[in-house]
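J.: Next input, structure requested:
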Amino acid sequence: MRKLVSIWTVLPKGQQLFLVALATFIVIPFVVLLFLQIYNAYHLTQLGNDIAIKENEWKIAAAKLNANVDPESLKSPANQFAYKLMEVHDDMVAERRVIVTIQQPLGEKKLKSGKTFTDDELLNAASEKINDMGEAECAAMLETLAGSCTVMSATGRALGSNAYEYQLQLAFAEKSKLGTVDPTMSYEFLVTKSSPGKAATAARVYFEKAAGLRQRIYQDVADTCAAMRKKSGNCSITALSVASKLDRGTPMVRVSASAAYASLVRASEVTASTR
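T.: You can find the predicted model right below:
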């Protein structure tokens with residue numbers, strides 16, 4: 001080190017300035033760039049390792065659910081959730097529920113009774129029906145697709161001064177069994193979505209007829225799952241929502257619905273269908 005200092009001191013001023021400039025504009029940036037490349041390479045390696053770990057995590061999670069099912073078909077959290085619901089098909093669990101939205105006009109009570117009701121009286125009468133609405137919807141489910149049903153949540157709210165909306169969440173277990181699953185076969189897990197009750201949702205109806213249409217939708221959902229069970233050997237309803245919503249300013253409603261069905265389909269059948 002002393003030798004380098006002694007050499008530096010004997011150099012002419014111009015050479016000293018040249019070496020300082022060389023270090024400032026070439027050597028130091030080169031060293032910094034080299035460090036950054038090493039740093040980035042290290043972090044890219046770590047990122048690759050993290051991605052590989054996550055890739056293995058979902059495969060491990062899929063294998064834990066069912067080693068006979070193609071892990072790709074259980075990759076998404078939504079499909080894993082649906083599969084877990086299918087596993088407890090015979091049980092009534094809180095996660096398997098139908099969500100029902102029902103809108104009704106308030107002024108019809110005035111017209112039918114011929115009596116005079118204040119807005120507050122109409123609102124109170126509607127809110128007092130909240131629990132009854134939940135129980136009635138469970139009864140419709142029990143007549144069609146459900147073997148058991150319970151009201152998880154029932155709430156209501158005013159829609160302006162002329163209408164009221166009920167929000168119901170009903171946990172249920174199906175009447176029908178899951179079906180057959182051969183533990184020696186390889187399967188693909190499929191989640192099929194549909195808009196059930198085409199006839200029931202085709203046109204608007206007077207709001208009091210909506211309950212009958214919702215019941216037809218529940219039956220249609222049960223029939224659809226039965227058809228899938230006949231074809232694939234098994235089926236489980238994993239999600240269902242139904243809504244009866246008013247056309248603004250009228251006592252008429254439009255009914256809509258969506259459903260999801262889970263099933264295990266033999267891998268050989270899936271392969272054959274794609275050829």
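J.: switch to C-alpha atoms for all contacts and neighbour counts from now on
T.: OK.
J.: any chance you could map the helices in the protein?
T.: Shown for the chain, the helices assigned by DSSP state H span residues 2-10, 13-22, 28-65, 77-87, 108-113, 119-128, 130-142, 210-232, 267-273.
J.: okay, the fourth one in PDB with CA atoms only?
T.: The C-alpha trace of helix 77-87 is given here as PDB (Å, rounded to 0.1, in the frame of the first residue of the first chain):
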ATOM      1  CA  PRO A  77     -58.600 -22.100  -5.400                       C
ATOM      2  CA  ALA A  78     -62.200 -22.000  -6.700                       C
ATOM      3  CA  ASN A  79     -62.000 -25.600  -8.000                       C
ATOM      4  CA  GLN A  80     -60.400 -26.800  -4.800                       C
ATOM      5  CA  PHE A  81     -63.200 -25.100  -2.800                       C
ATOM      6  CA  ALA A  82     -65.800 -26.800  -5.000                       C
ATOM      7  CA  TYR A  83     -64.100 -30.200  -4.600                       C
ATOM      8  CA  LYS A  84     -64.200 -29.900  -0.800                       C
ATOM      9  CA  LEU A  85     -67.900 -29.200  -1.000                       C
ATOM     10  CA  MET A  86     -68.400 -32.200  -3.200                       C
ATOM     11  CA  GLU A  87     -66.500 -34.300  -0.600                       C
END
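J.: now for it, which elements pack on it?
T.: helix 28-65, strand 187-194, strand 236-246, strand 252-266 (3 or more CA pairs under 8 Å, 6 or more residues apart in numbering; DSSP states H and E).
J.: quick revisit: could you tell me the least trusted of the helices of the chain?
T.: With a mean of 54, helix 108-113 has the lowest mean pLDDT of the helices of the chain.
J.: before we move on, the earlier item: got CSV for the helices and strands packed on helix 77-87, with mean neighbour count too?
T.: Shown next, in CSV, are the helices and strands packed on helix 77-87 (neighbours: other CA atoms under 10 Å):
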stretch, mean neighbour count
helix 28-65, 13
strand 187-194, 18
strand 236-246, 23
strand 252-266, 22
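J.: any chance of the ones you listed in a markdown table, with distance to R214 too?
T.: Below are the helices and strands packed on helix 77-87 laid out as a markdown table (distance: least, CA to CA, whole Å):
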| stretch | distance to R214 |
| --- | --- |
| helix 28-65 | 34 |
| strand 187-194 | 15 |
| strand 236-246 | 7 |
| strand 252-266 | 8 |
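J.: Nearest to A158, out of those?
T.: Proximity to A158, assessed across the helices and strands packed on helix 77-87 by CA to CA, is greatest for strand 236-246 (12.9 Å).
J.: same for that closest one, what does it pack against?
T.: helix 77-87, strand 97-105, helix 210-232, strand 252-266.
J.: swap the cut-off to 6 Å and go again
T.: The criterion is 3 or more CA pairs under 6 Å, 6 or more residues apart in numbering; DSSP states H and E, and the helices and strands that strand 236-246 contacts are strand 97-105, strand 252-266.
J.: now it: mean pLDDT?
T.: The model assigns strand 236-246 a mean pLDDT of 96.
J.: which residues touch it?
T.: 86, 98-103, 178, 252-262 (CA atoms under 6 Å, 6 or more residues apart in numbering).
J.: Indicate each strand paired with that strand and its parallel or antiparallel sense.
T.: Sheet partners assigned to strand 236-246 using DSSP bridges are listed as strand 97-105 (parallel), strand 252-266 (antiparallel).
J.: okay if I get those strands as a markdown table plus mean pLDDT?
T.: Formatted as a markdown table, the strands paired with strand 236-246 follow (pLDDT from 0 to 100):
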| stretch | mean pLDDT |
| --- | --- |
| strand 97-105 | 95 |
| strand 252-266 | 95 |
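J.: For P77, see how far away the nearest residue to A262 once chain neighbours are set aside is.
T.: Distances taken as CA to CA, 6 or more residues apart in numbering place V191 nearest to A262, at 4.6 Å, with adjacent residues excluded. The span separating V191 from P77 equals 12 Å under the rule CA to CA, to the nearest Å.
J.: Over to S127?
T.: If you go by CA to CA, the gap between S127 and P77 works out to 37 Å.
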